[in-house]
Each structure stands twice: as structure tokens, then as C-alpha cells.
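Peer 1: Pasted the sequence and its predicted model underneath.
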Amino acid sequence: MKIVIGEGSCGIAAGAEKVRQALLKEDTADAVITIAGCIGMCYLEPIVDIYNDNGEVKRLVKVQPEDAKKIAEYAKSNDESAIESLLVSDEDKQFLEKQTRIALRRCGIINPEEIDDFISADGYTALKKAVTRMTPEEVIETIKTSGLAGRGGAGFPTWFKWNAARQSEGEEKYLICNADEGDPGAFMDRAVIESDPHNLIEGMLIAAYAIGAENAVVYVRAEYPLAIKRLERAIAQTSEAGYLGDNIFGTDFSCRMTIKAGAGAFVCGEETALIESLEGHRGMPRLKPPFPAQSGYWKEPSNINNVETFANVSWIINNGGEAFAAMGTENSKGTKVFAVTGKVKRSGLVEIPMGKTLRDVIFDICGGIKNGKSFKAVQMGGPSGGYIPAELADTVIDYKALSATGAIMGSGGMVVMDESTCMVGMAKFFLDFTAKESCGKCIHCRIGTKRMLEILTAITEGRGKSGDIELLEELCLSIKDGVLCGLGQTAPNPVLTTIKYFKNEYDAHINQKSCPAGECRELTKYYIDSDKCRGCTLCARNCPVGAIEGSVKSPHTIDPSICIKCGKCITICKFGAVIKK
């Protein structure tokens, strides 16, 4: 028997390490206690999987340290009643059962800190096949056949970038992995590195062989300490095993790999800004052309792909490009990983074939909207993405279809919103992010995003005026036309899509000085329904500013001139008498 505790960052934050320490103190007979990364069911952490000798797996969810005794009892007696209360429900099983996993196929299953676990799960077989039985051109052709597009957001054909770097002349060539995952709500790359770091290494080595690079660099954001720690360990193990370094598998192919902890700037997700940061400069985008394939890191031919792109490579080499291309749509092949967060019942990592719909992900896999509320919109593509309204929930997930809505695929962040979300406030939130993260190189981005943020702030504070919407649209188009890099070109997307699909909310904020969702503090009013109020005085006694008046057993009232709209009265009222509107 093997007891596996899920120790990705989400599991550890939920208490997985405490669970493991509690288990180590119990008598678990001959059971082996070990760890894995994130299985993707983040909403059920901490997760413990028990592998019986007959191959059966018992998945336990929301496990607490005090549950260690129940697990130990099961390990000794094999009596399922001991752990029955912890078993994952049939409904929650659908979260994984309805996915198709390639990039995430080993995540949450193997121990990410042990190379032997990776090797026993077909690890490094694709690398061996590539370097001993295939030419670099054949590797590139296989990737071309697969239709694999860059999963970092742009969706550019992977084979084309590899081929361009291979054909470029230079004294040295570099392979770079972009693990600078900066989108709010996105954690796909972190999960892959924490849970299956050798898969990234294998994919990168195959790519390095294909383009002729002897040096590979992983640029990972410094805010991912666990990912960096496990990747460092994996690189050391791979080097010791002879799969990284000189004459790999006895061939002429040699490659070394290093890690660069990024400075944390969102703009460094843009490939030329990333290269600037790698070279020790401030992360600011370069003018293209020349493209990195011709002049990149230290002005040498370089190829950059993100973590998820590399995570697909070994599967494609082992299974053939045709097998990958058989999944997905005509324009978008294979699977895509999404980090689904927000108002869904089941949040976490989802990998599906391209061609599924947004409804499939939000309702079928993630269980729909929490607390019985209605679905309002989904934000795709991070700060550079856009909002897709509920009426377009049947939009197919591929690059072309999502772009037609005004959003983008992006790296895979998917933030779901319900009826209580203010769309003007959400546009303001992401503009605040991009305005702060602008590197400042382009005037349109540096100044334009700030002017847009000022207008959105005024609208949400009740200071909006006629013409603000038109001015926002004018600024959006001006910024898109005048900036240098992808950050600035896509920064207006949240504003443009909220105006396109939720213009009525902008009108309400500007003309009626009201927030339909009740989220904008300055436009929200609190009052007490006299029919529901029982005069218990609980709200008055707990109001921090004394804005509530009334006598015992008589309806109370809120003085709007004193109320600071903290919401404590709503939280504390037992009768639902306090209304926010």
C-alpha cells in the first residue's frame, strides 16, 4: 500500500504538510508514505490518495491532521468504513473523468522530487527516441504534423519557431522556457513545474536537440519558490543520470540547463522583454524584427516557448504528431490547460481537447456557479484578455473562435463571474494591473492606460459623465495602434469587451449613479426592510460608526450620511433585513 499526499502549493497552503507529519506519527503498517504534486482538484485540498496493492485508488479529500488516525486504521485493517467520510464524491470525480490529460498526465500522480518515479512512467523515452532514432528535421516535422501551437497565448506554430531558430546562423543557439506566469488567477505553469518538472526538462531537451542549442534556460518567476526548488532538484538528478550534459544517450548531442528567477514584472512575459531581463537589463520589449530566432539572447538565435508548450512535446514524440492533431479543431489542435477560478463550484486545473465549449468547462466539468447564482461572464486571457458574456457560453474553445468574441485564449486563465460581479469594476481592476505593470517604454501604454484607469475610477465612484464611454473607446484604439509589445496591444481588451457586452452597466453607473451589481461602494446604498426587521438591535450594537438607529423590537434605520458601507450589518443580521442596492 502507498499513501500519497498532494503537496503542490495549493495543497501545502491548505495543510497537506501537517497531514503528512501527522501520518508519519501513526502506525500505518507497511504502507509507504510519499508525496505528489497537484492533481488539479484545488477546491478539495488537502488530498490524499491511497494506492492498494491491487491497483485500486482511494481518493480522500479535505483531509485534516486529525484524520491521520482514520487513514492509519484503514492501512492496517483495509476496512473502508474507517475512511468513508473522507472519500471523494461521485459528483466530484467527474471533474477529472471529463478531462483529457496530456500536459498534466503525471501531475498529482508521481513524486516530482524523484526521477525514478518519472522514469517508471515512461520518462525520458521520448528524448531517447528523438536523439537516437530521429534527425532534428524529423523532430520538427513531427511537431509540425501535430499542429502544436504556442500555449503562452499567441498560438504561433511551434514548429515554425523551432525551424527558424535551427536555420539561423550563429556561433551559439539558446533555448528558453518562459515560466514567467504573471496573469492574476493563472497557475498552470506553476502546477506543471511543481508536479512534473522532468516533463518540462524532457520537452526542452527535445526542442534543444531540434534547433541545435547546447544551452537551455528556464526563466521562472521568483514568486514560485517551490517550483524553483523542485526544478533545481530535477535538473541535478537528470544531470546525474546522464540525460542532461555531455553526449546524451551516447550521441553527439550535449545540453546544459540553468534557472533564472525572474524579477516579477508582468511585461517580462513578452519574449523580448524576457530576454532583456535575462541579460541583466530592465525588462522592456525590443523592436521586432529581428525576431529572437535570428537575434535573441546575447544576440544569438534563440527559441522561446512556455511551460505548457514544452509539456506536450514528449507525448507527441512518443505517440506521433497525428495522434495529437486528431484532438481539437481544424485551427487549434490538441488539448489546452486552464486554471479555472472565480465563482464556480469546482475550481482548479482543467485540461480539455480544443473544440469543447465554455459551457462544457464551466458547467459540465466545474459544476456550474456557486450559491445558486446565475452565470454572468467569464474572463479569458488574463489582463490582456476580455470578457465573454453568458449568452456566448457555447463558444468553442479555440484560438479563432475566442478571438472573434474580443477575448483571447491567453495562457489559460479562466475567471468565472456571477450576477454579483460589477463588470465596470472588473475592467477597472485589470486596467489597474496593466497600468502598474506597464514598463513605460511606449507613451501610449504608459500614459494611455493611466488615463483609462482614471476614467474608470471616476465612473465607479459616481463621477462618470456623458462622453466617457466614447473617450474610453478612442483611447483603447489609440493604445492598440501605438504601442510596441503585446501587453500594450491587448491591455484595452477588458474595457472594450465590457463596453461591447455590458454597456448597460456603464450607462447605469454614469446616468443613474448606480451599480446594478451592488459592488461599487460609492454607488451602493444600505437600508433596512422594516417588514423583516425584528428590532433585535444586533446590527446597531455592531455598527462601527453608529449609523443604525432604532429601539428594541422596533424597525431600525440606517443613516446614509454616516454609513461607511462596510457590510457588517448584512453579515450579522439573522433575518435578512439589511439590503444593499
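Peer 2: Noted; the coordinates are in hand.
Peer 1: Every contact and neighbour count from this point should use C-alpha atoms.
Peer 2: Fine.
Peer 1: Confidence-wise, which helix or strand of the protein is lowest on average?
Peer 2: Least confident element among the helices and strands of the chain, by mean pLDDT, DSSP states H and E: helix 486-490 (a mean of 85).
Peer 1: what's the next secondary structure element after that one?
Peer 2: helix 493-501 (DSSP states H and E).
Peer 1: counting contacts, what elements does that next one pack onto?
Peer 2: strand 386-389, helix 423-437, helix 468-482 (3 or more C-alpha pairs under 8 Å, 6 or more residues apart in numbering; DSSP states H and E).
Peer 1: what's the next secondary structure element after that helix?
Peer 2: The helix or strand immediately downstream of helix 493-501 is helix 503-507, counting by DSSP H and E.
Peer 1: Show me what that following helix is packed against.
Peer 2: Applying 3+ C-alpha pairs under 8 Å, 6+ apart, one finds that helix 503-507 contacts helix 423-437.
Peer 1: contacts for the helix it packs on?
Peer 2: The contact list for helix 423-437, computed with C-alpha atoms under 8 Å, 6 or more residues apart in numbering, reads 265-267, 383, 445-446, 449-450, 452-453, 456-457, 460, 487, 491-492, 494-495, 498, 502, 505-506, 519-520.
Peer 1: swap the cut-off to 6 Å and go again
Peer 2: Helix 423-437 has contacts (C-alpha atoms under 6 Å, 6 or more residues apart in numbering) with 266, 383, 449-450, 453, 456, 494-495.
Peer 1: and if you look at stretch 345-365?
Peer 2: 40-43, 95, 99-101, 327-329, 334-341, 366-370, 393-398.
Peer 1: I'd like the distance from it to the chain centre, please.
Peer 2: From the chain centre to the centre of stretch 345-365 is a distance of 13 Å (C-alpha atoms, centre = their mean, to the nearest Å).
Peer 1: Could I get the average pLDDT for it?
Peer 2: Averaged across stretch 345-365, the pLDDT comes to 97.
Peer 1: In CSV, could you pull the C-alpha coordinates for it?
Peer 2: Extracted in CSV, the C-alpha atoms of stretch 345-365 (Å, rounded to 0.1, in the frame of the first residue of the first chain):
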residue,chain,number,x,y,z
LYS,A,345,-18.3,25.2,-7.6
ARG,A,346,-15.1,23.3,-8.6
SER,A,347,-12.0,25.4,-9.2
GLY,A,348,-8.7,24.1,-10.3
LEU,A,349,-6.8,22.8,-13.3
VAL,A,350,-8.7,21.6,-16.3
GLU,A,351,-7.2,20.1,-19.5
ILE,A,352,-9.6,19.5,-22.4
PRO,A,353,-9.3,18.9,-26.1
MET,A,354,-9.7,22.1,-28.2
GLY,A,355,-13.2,22.3,-29.5
LYS,A,356,-15.0,21.9,-26.2
THR,A,357,-17.2,24.9,-25.3
LEU,A,358,-17.0,27.3,-22.4
ARG,A,359,-20.2,25.7,-21.1
ASP,A,360,-18.6,22.3,-21.1
VAL,A,361,-15.8,23.7,-18.8
ILE,A,362,-17.9,25.9,-16.5
PHE,A,363,-21.0,23.7,-16.1
ASP,A,364,-20.0,20.2,-17.0
ILE,A,365,-16.6,19.9,-15.5
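Peer 1: In it, which residues are buried?
Peer 2: Of all the residues in stretch 345-365, those buried under the rule 16 or more other C-alpha atoms under 10 Å are 345-363, 365.
Peer 1: Which of those residues fall in helices?
Peer 2: 358-359 (DSSP state H).
Peer 1: re earlier: and the contacts of stretch 345-365, which of them are buried?
Peer 2: Buried, going by 16+ other C-alpha under 10 Å: 40-43, 95, 99-101, 327-329, 334-341, 366-369, 393, 395-398, out of those.
Peer 1: List the buried residues in stretch 272-288.
Peer 2: Across stretch 272-288, burial judged by 16+ other C-alpha under 10 Å covers 272-278, 282-286.
Peer 1: export that stretch as CSV, just CAs?
Peer 2: C-alpha atoms of stretch 272-288 as CSV (Å, rounded to 0.1, in the frame of the first residue of the first chain):
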residue,chain,number,x,y,z
THR,A,272,11.9,40.2,-26.0
ALA,A,273,11.4,41.8,-22.6
LEU,A,274,12.2,38.4,-21.0
ILE,A,275,15.5,38.3,-23.0
GLU,A,276,16.4,41.8,-21.8
SER,A,277,15.8,40.7,-18.2
LEU,A,278,17.9,37.5,-18.8
GLU,A,279,20.7,39.7,-19.9
GLY,A,280,20.6,41.7,-16.7
HIS,A,281,18.7,44.7,-18.1
ARG,A,282,15.4,46.2,-17.2
GLY,A,283,12.6,44.2,-18.7
MET,A,284,11.5,46.2,-21.7
PRO,A,285,10.4,44.9,-25.1
ARG,A,286,12.6,45.2,-28.2
LEU,A,287,11.5,46.3,-31.6
LYS,A,288,10.8,43.4,-33.9
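Peer 1: Can you give the contact residues for that stretch?
Peer 2: The contact list for stretch 272-288, computed with C-alpha under 6 Å, 6+ apart, reads 268, 297.
Peer 1: try 8 Å this time
Peer 2: 178, 219, 260, 262-263, 265, 267-268, 270-271, 292, 296-298, 439, 441, 484-485.
Peer 1: mind checking the SS state of the residue nearest to the spatial centre of the chain?
Peer 2: Centroid-nearest residue in the chain, with C-alpha atoms, centre = their mean: Ala186, separated by 2.0 Å. Secondary structure for Ala186, judged by DSSP: H, G, I helix; E, B strand; the rest coil, is coil.
Peer 1: what sits against the closest residue to it other than its chain neighbours?
Peer 2: In space, and not counting its chain neighbours, Ala186 is closest to Gly413: 4.7 Å by C-alpha to C-alpha, 6 or more residues apart in numbering. By C-alpha under 8 Å, 6+ apart, the contact set of Gly413 is 183-187, 338-340, 379-382.
Peer 1: Surely Lys513 is in contact with Ala458?
Peer 2: No - using C-alpha atoms under 8 Å, Lys513 makes no contact with Ala458, being 11.0 Å away.
Peer 1: who's the residue nearest to Ala186 bridged to?
Peer 2: Listed by DSSP bridges, the beta-bridge partners for Gly413 are Ala339.
Peer 1: gap between it and Lys436?
Peer 2: Between Gly413 and Lys436 the distance is 20 Å, computed by C-alpha to C-alpha, to the nearest Å.
Peer 1: can you give me the strands for the stretch 51-200 of the chain?
Peer 2: Assigned strands in the stretch 51-200 of the chain, in chain order: 57-61, 174-179 (criterion: DSSP state E, counting those that start in this stretch).
Peer 1: between those, which gets nearest to Ser314?
Peer 2: Of all the strands of the stretch 51-200 of the chain, it is strand 174-179 that lies closest to Ser314, at 15.2 Å by C-alpha to C-alpha.
Peer 1: mind listing what that closest one pairs with, with the direction of each?
Peer 2: strand 215-221 (parallel), strand 302-306 (parallel).
Peer 1: ok, back up a step: just the helices and strands packed on helix 493-501: most buried one?
Peer 2: Ranked by mean neighbour count, those are led by strand 386-389 with a mean of 27 (mean count of other C-alpha atoms under 10 Å).
Peer 1: before we move on, the earlier item: can you pick out the most distant pair from the contacts of helix 423-437?
Peer 2: Across the contacts of helix 423-437, no pair lies farther apart than Phe266 and Leu456, at 21.6 Å, counting by C-alpha to C-alpha.
Peer 1: that older thread, got the CA positions of the least confident helix or strand of the chain in CSV?
Peer 2: Output of helix 486-490 as CSV, limited to C-alpha atoms (Å, rounded to 0.1, in the frame of the first residue of the first chain):
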residue,chain,number,x,y,z
GLY,A,486,1.7,42.6,-26.8
LEU,A,487,1.0,43.9,-23.3
GLY,A,488,0.0,47.3,-24.6
GLN,A,489,-1.8,46.0,-27.7
THR,A,490,-4.1,43.8,-25.6
